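Peer 1: here is my input, please return the structure:
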Amino acid sequence: MKEKKAATAAAPAAAKKKSGAAAAPASKKRESGGAGRGRPRKRARDDGDGDPPSHGDLISKLPDDILGTIISLLPTEDGARTQALARRWRPLWRSAPLNLDSYRLCSNKFKRLSVVSKILSDHHGPARRFDFCFIRLHKDKKRFAQEAAQIESWFHSRALDGLQDLDISFDLLEYTRQSEKLYPLPPSVRRLSSTLVVARIGSCGFPKEIDPSVIFSQLKLLKLCRVSITEDVFRGVLSGCHVLESLALESMGDVGCFRISSQTLTSVRLSACFSNKGELIIQDAPSLKKLVLSCSSKVRDNVRVIRAPKLEMLGYLSPCISEIQIANLLFKSLTPASLKNTISTVKVLALEFSIPNLDAVIDVLRCFPCLEKLYVIYKTYLNIPLKENVHQYDPIDPVKCFETHLKELVLKSYEASEQDVCFVKFFVLNAKVLKKIKFGVSEKLGKEWMADQYRLLEVGARASPDAQLEFLCRADVNPFT
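Peer 2: Have a look, this model is predicted:
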């Protein structure tokens, strides 16, 4: 009787065990994800705010102000897309500092206007960057007036409160060979003057007068390109920039003279600035360290630096500059008026010639006894003649920077012509502390060609035992900037 009961009790257990064994393969199939073999496993439950669990998403756990900074560094459309990541991210874009770059928003220049207006109406501000280049308006008078009002409203928008970086330019309204008509700078831009740190403004007309109360108290970089501005207004803008460090002027056609006085400027860049003969006068710039000049071959500009006691980088000096005077040192078409006056602060110098001209370079270098780095670039269109054989090099009367300072020579365009070789060989044989010569060549050259250059340049007899030659593609030769 006991045995019968034991057998009866064992039967269900065996059946249960058998059932479990039979279910095991099915369970494994479901785990392996086989298609159509068992139902998929349930997703993990959402966390408390309705979003899926982060599974190690540490970024979403950062504070709002840090996430806002991350969003503000993204391109405009990518920053807006972060709203779709999760509920946690949805309000962040509207409150993060706005980074608006119109170029990537829409390929149609006319439609960009409405796209930008929509973004500014949706965003709560503040703004970090506003970039809208080549703004184009319709020529129809009615549409032009509507779009002009739309542009004016942008800079009244609360979304641009606190704007730090402004980059705007406009398409020309009219253009002929004799003249061009520029769009006027929107008056509302002046509302941003107290917060701007960087301002790049192009192809527009400044007002004929400026309110002295407009102060650019935080502006550090100002670039004006193809802008119509009077000398008085330019002086007024500059006097309102109390911490300005960098100034760039490009293609400022209708101004005959720019006068610059600034206690804070460290860099000035002039690029094809005058359409007719013009003059740049740096009256007082006690902090100026870099002066970059890029003048048109058709216009003979004058440059006068009355006081810049910390000037360290200068170029490009070119025959295109009719006269350049730095303190008591005067060059006329790159020929020094006297070799008695020198400047000891300049450590980096850039020169432009039509062909290698060793005699002219030697005379220029005598004026910069503490020069450490020299850039030389050849431009064939610089067809302004230079005096030949002005002063032959005399080892008894050496160039001072060759003896103790010149460490690097950079040639942007090296063709290995006879003139090129003679020019470089002079530095190889006479610069006693030279460390490096960089050659910009047109193509990648073989070992045999480079070995031939070492022979032609007489590297074995170099004055500096540490001098090294480096041949690079021209695109890889860092320009003087």
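Peer 1: what residues are up against the closest residue to K208 other than its chain neighbours?
Peer 2: Using Cβ to Cβ, 6 or more residues apart in numbering and skipping residues adjacent in sequence, the residue nearest K208 is T230, 6.4 Å away. (Each C-beta comes from the backbone N, C-alpha and C, glycine too.) Contact analysis of T230 by Cβ atoms under 8 Å, 6 or more residues apart in numbering lists 206, 208, 255.
Peer 1: if I look at T230, how far off is Y375?
Peer 2: Using Cβ to Cβ, to the nearest Å, T230 is found at 35 Å from Y375.
Peer 1: ok, A308 next?
Peer 2: With Cβ to Cβ as the criterion, A308 and Y375 are 20 Å apart.
Peer 1: who has more neighbours, the two?
Peer 2: In this view A308 and Y375 are compared by other Cβ atoms under 10 Å, and A308 has more residues nearby, 25 against 22.
Peer 1: any idea what sits nearest L137, other than its immediate chain neighbours?
Peer 2: Distances taken as Cβ to Cβ, 6+ apart place E147 nearest to L137, at 4.6 Å, with adjacent residues excluded.
Peer 1: quick check: phi and psi on the one you found?
Peer 2: E147 adopts backbone torsions of phi -70, psi -30, taken as degrees, to the nearest 10.
Peer 1: just the strands from the stretch 101-250 of the chain, written as ranges.
Peer 2: Ranges of strands within the stretch 101-250 of the chain are 127-135, 165-170, 174-175, 180-181, 183-184, 198-202, 204-205, 221-225, 246-250, based on DSSP state E, counting those that start in this stretch.
Peer 1: what do you get for the stretch 251-400 of the chain?
Peer 2: Going by DSSP E, counting those that start in this stretch, the stretch 251-400 of the chain shows strands at 257-261, 267-271, 279-284, 290-294, 301-305, 313-317, 321-326, 329-332, 335-336, 348-353, 373-378.
Peer 1: and of those strands, who's closest to P184?
Peer 2: strand 257-261 (21.1 Å; Cβ to Cβ).
Peer 1: now do the closest one, average pLDDT.
Peer 2: Averaging pLDDT along strand 257-261 gives 91.
Peer 1: and it, what's buried?
Peer 2: The neighbour-count check on strand 257-261 (16 or more other Cβ atoms under 10 Å) flags 258-261 as buried.
Peer 1: that strand pairs with which strands, and in what direction?
Peer 2: Under the criterion DSSP bridges, strand 257-261 sits next to strand 279-284 (parallel) in its sheet.
Peer 1: and the angle from the partner strand to strand 290-294?
Peer 2: 180 degrees (axes from the mean of the first three to the mean of the last three Cα atoms, to 10 degrees).
Peer 1: just the angle for strand 279-284 relative to strand 301-305, thanks.
Peer 2: 10 degrees.
Peer 1: name the surrounding residues that touch strand 279-284.
Peer 2: 256-263, 268, 270, 273, 288, 291, 301-308.
Peer 1: list phi and psi for the closest residue to D466 other than its chain neighbours.
Peer 2: In space, and not counting its chain neighbours, D466 is closest to K435: 5.4 Å by Cβ to Cβ, 6+ apart. Dihedral pair for K435: phi -100, psi -40, per degrees, to the nearest 10.
Peer 1: so K435 sits against E408, correct?
Peer 2: Yes: between K435 and E408 there is a contact under Cβ atoms under 8 Å: 6.1 Å.
Peer 1: low-confidence ranges in the stretch 51-200 of the chain?
Peer 2: 51-58, 64-65, 68, 71-88, 90-95, 125, 176-178 (pLDDT under 70).
Peer 1: which residues in the stretch 51-200 of the chain form helices?
Peer 2: Ranges of helices in the stretch 51-200 of the chain, per DSSP state H, counting those that start in this stretch, are 64-72, 76-81, 92-95, 109-122, 141-154.
Peer 1: any stretches of the stretch 201-350 of the chain with poor pLDDT?
Peer 2: Looking at the stretch 201-350 of the chain by pLDDT under 70, you get 253, 275-276, 295-300.
Peer 1: can we see that at 80?
Peer 2: Applying pLDDT under 80 to the stretch 201-350 of the chain flags the ranges 253-256, 272-278, 295-301, 320.
Peer 1: what pLDDT does K425 get?
Peer 2: 93.
Peer 1: test my guess that it contacts L457.
Peer 2: Yes: between K425 and L457 a contact is recorded at 5.0 Å, counting by Cβ under 8 Å.
Peer 1: more neighbours: the two, which one.
Peer 2: When neighbours are counted by other Cβ under 10 Å, L457 comes out ahead of the other of K425 and L457, with 24 against 17.
Peer 1: correct me, but V364 touches L317?
Peer 2: Yes: counting by Cβ under 8 Å, V364 touches L317, with 6.9 Å between them.
Peer 1: now do the shared contacts for the two.
Peer 2: Common contact partners of V364 and L317 (Cβ under 8 Å, 6+ apart): 331, 334, 349, 351.
Peer 1: against L469, how distant is R455?
Peer 2: Distance from R455 to L469, by Cβ to Cβ: 12 Å.
Peer 1: so those two - more neighbours on which side?
Peer 2: When R455 and L469 are compared on other Cβ under 10 Å, the one with more neighbours turns out to be L469, at 17 against 10.
Peer 1: who touches the more buried one in this structure?
Peer 2: Residues in contact with L469 (Cβ under 8 Å, 6+ apart) are 436-437, 439, 450, 453-454, 457, 459.
Peer 1: what would these look like in TSV with distance to Y183, secondary structure and pLDDT?
Peer 2: TSV is the format used below for those (distance: Cβ to Cβ, whole Å; DSSP: H, G, I helix; E, B strand; the rest coil; pLDDT from 0 to 100):
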residue	distance to Y183	secondary structure	pLDDT
K436	48	strand	96
I437	48	strand	96
F439	45	strand	93
M450	53	helix	89
Q453	53	helix	93
Y454	57	helix	94
L457	54	coil	94
V459	57	helix	94
